[in-house]
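*Asks:* show me how the following folds:
(one chain, ligands or ions: 1)
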Amino acid sequence: MLRLTTFAILACSTPVLAQEINVYSHRQPELIQPLVDAFTAETGIKVNVAFVDKGMAERLVAEGDRSPADLILTVDIARLMQVVEAGVTQPVQSDVLEANIPETLRDPGDQWFGLTSRARIVYASKERVAPGEITTYEDLASEKWKGRLCTRSGLSDYNIALLGAMIVHHDEAYATTWAAGLKANLAKKPDGGDRDQVKAIAAGECDIAIGNTYYIGQMLADPEQAPAAEMVNIVFPTFEGGGTHLNISGVAMTRSAPNRENALAFMEWLSGDTAQKIYAETNHEFPVKPGVERSALVASWGEFTADPIPLAEIAAQRAAALKIMETVNFDG
Ligand code: FE
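*Replies:* Numbers count the residues shown, from 1 in each chain. Take a look at the predicted model:
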């Protein structure tokens, strides 16, 4: 009996699971590494990151309950919803996450949590667009921009979310007319990423473009791309009667999560001051935690009013938005 008890104590004092967690990340390894290093230095918990470019949900479905993944890190509300809808995540209740992340930037069902936000804004030529010339998303469809607008594919997650928000603010009929107006204003067929639209403005191919804030930060930090970025102003349009459209990068816990406790510790840490500051400084995203400062560059762009519509409502319009982009043959 005594020997059994001793064995039981020994067994308890030996960690059953290694102090490590496994993350499937859609985010670039260069961005995640500084976060991982700081977390490991602070807690001793090792973080193994597998970069998953495509097919995150499919991979987790295929791996099922044997998946080694504890957490999923990705961008865009649509991708977060995809893993939730695929049934490969689990809800997480945490006072820390609730305190650090504003309600509009996390799932009411606790399946996903925003860790950074970014605004989808207008890049405007410093030479050819006067300050104050564009103030609303609705105005992007106005005839005065005919032949002057550039954007990436209408089917890209970022543009689908923006269109989803337009549906919520108005209705599907209005959003269809708006998307058709946008298409009519295009200087060229949608192509490339947001950075390519900045380059197109610099090359004189268009005067305004739709893009995410942080790409300007990335371009300014790159000697080759900085000259193009220097040629555009950042404009924060609003919806009529609303604010500027935000999207997120975020995290979800997998259903299988073999290292649940440590994974939760990492999630909470990512929403805390140290990590929020790293996100702000290395990628020029907006911290979600109130009180954490934006990078000096992002702060220099000035204040804006964030659109109050919860991301979950925008995500719910994804199918309708995709249909509209097909109806107006946006990329055609
Ligand atoms: Fe991006």
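
*Asks:* look up how far residue 176 lies from residue 182.
*Replies:* Distance, residue 182 to residue 176, using Cβ to Cβ, to the nearest Å: 11 Å. To be clear about C-beta, it is placed using only N, CA and C from the backbone, and glycine gets the same treatment.

*Asks:* neighbour count: these two, which is higher?
*Replies:* More crowded of residue 182 and residue 176, by other Cβ atoms under 10 Å: residue 182, with 25 against 20.

*Asks:* my guess is the more buried one contacts residue 146. True?
*Replies:* No: using Cβ atoms under 8 Å, residue 182 is not in contact with residue 146; the gap is 10.9 Å.

*Asks:* show residues contacting the helix or strand where residue 162 lies.
*Replies:* Under the criterion of DSSP states H and E, residue 162 resides in helix 157-169. For helix 157-169, contacts defined as Cβ atoms under 8 Å, 6 or more residues apart in numbering pick out 75-79, 120, 137, 151-154, 174-175, 178-179, 194, 210, 212, 239-242, 245, 247, 307, 309, 313-318, 320-322, 324-325.

*Asks:* now do that helix: distance to the chain's middle.
*Replies:* 14 Å (Cα atoms, centre = their mean, to the nearest Å).

*Asks:* likewise for stretch 50-59?
*Replies:* With Cα atoms, centre = their mean, you get 16 Å for stretch 50-59.

*Asks:* do the same with stretch 312-332
*Replies:* For stretch 312-332, the distance to the chain centre is 18 Å (Cα atoms, centre = their mean).

*Asks:* quick check: buried residues in the helix holding residue 162?
*Replies:* The neighbour-count check on helix 157-169 (16 or more other Cβ atoms under 10 Å) flags 157-169 as buried.

*Asks:* same check on stretch 269-281?
*Replies:* 269, 270, 271, 272, 275, 276, 277, 278, 279, 280, 281.

*Asks:* report the buried residues of the helix or strand hosting the first one.
*Replies:* Using DSSP H and E, the element containing residue 269 is helix 260-270. Of the residues in helix 260-270, 260, 262, 263, 264, 265, 266, 267, 268, 269, 270 count as buried by neighbour count, 16+ other Cβ under 10 Å.

*Asks:* quick one: least confident helix or strand in this protein?
*Replies:* Each helix and strand of the chain was given a mean pLDDT (mean pLDDT, DSSP states H and E); the minimum falls on helix 2-13 at a mean of 45.

*Asks:* distance between the following helix or strand past it and the chain's centre?
*Replies:* Next helix or strand after helix 2-13 toward the C-terminus (DSSP H and E): strand 20-25. Relative to the chain's own centre, strand 20-25 is displaced by 19 Å; criterion: Cα atoms, centre = their mean.

*Asks:* care to break this protein down by domain?
*Replies:* Here the chain is described, according to automatic domain parsing, as comprising the domains 20-117+246-295, 119-245+306-327.

*Asks:* measure stretch 122-140 end to end?
*Replies:* 9 Å (Cα to Cα, to the nearest Å).

*Asks:* buried stuff in it?
*Replies:* Here stretch 122-140 shows 122, 123, 124, 125, 129, 134, 137, 138, 140 as buried, counting by 16+ other Cβ under 10 Å.

*Asks:* among those residues, which ones are in helices?
*Replies:* Among the buried residues of stretch 122-140, no member falls in helices (criterion: DSSP state H).

*Asks:* okay, and which of these map to strands?
*Replies:* 122, 123, 124, 125 (DSSP state E).

*Asks:* mind listing the helices for the stretch 101-250 of the chain?
*Replies:* 157-169, 172-185, 194-202, 213-220, 226-229 (DSSP state H, counting those that start in this stretch).

*Asks:* so can I have CSV of those helices showing mean pLDDT?
*Replies:* Formatted as CSV, the helices of the stretch 101-250 of the chain follow (pLDDT from 0 to 100):
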stretch, mean pLDDT
helix 157-169, 97
helix 172-185, 98
helix 194-202, 98
helix 213-220, 96
helix 226-229, 98
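
*Asks:* wait, which of those is closest to residue 253?
*Replies:* The closest of those to residue 253 is helix 157-169. By Cβ to Cβ, the value is 21.5 Å.

*Asks:* got the angle for that closest one vs helix 194-202?
*Replies:* Interaxial angle of helix 157-169 relative to helix 194-202 (axes from the mean of the first three to the mean of the last three Cα atoms, to 10 degrees): 90 degrees.

*Asks:* okay, the angle between helix 157-169 and helix 172-185?
*Replies:* 140 degrees.

*Asks:* number of residues surrounding residue 102?
*Replies:* Look at residue 102: counted by other Cβ under 10 Å, it has 14 neighbours.

*Asks:* who's in contact with it?
*Replies:* Here residue 102 is in contact with 288, 290 (Cβ under 8 Å, 6+ apart).

*Asks:* same thing with residue 97?
*Replies:* The neighbours of residue 97, taking Cβ under 8 Å, 6+ apart as the test, are 106, 113, 267, 268, 271.

*Asks:* quick one: secondary structure of residue 73?
*Replies:* strand (DSSP: H, G, I helix; E, B strand; the rest coil).
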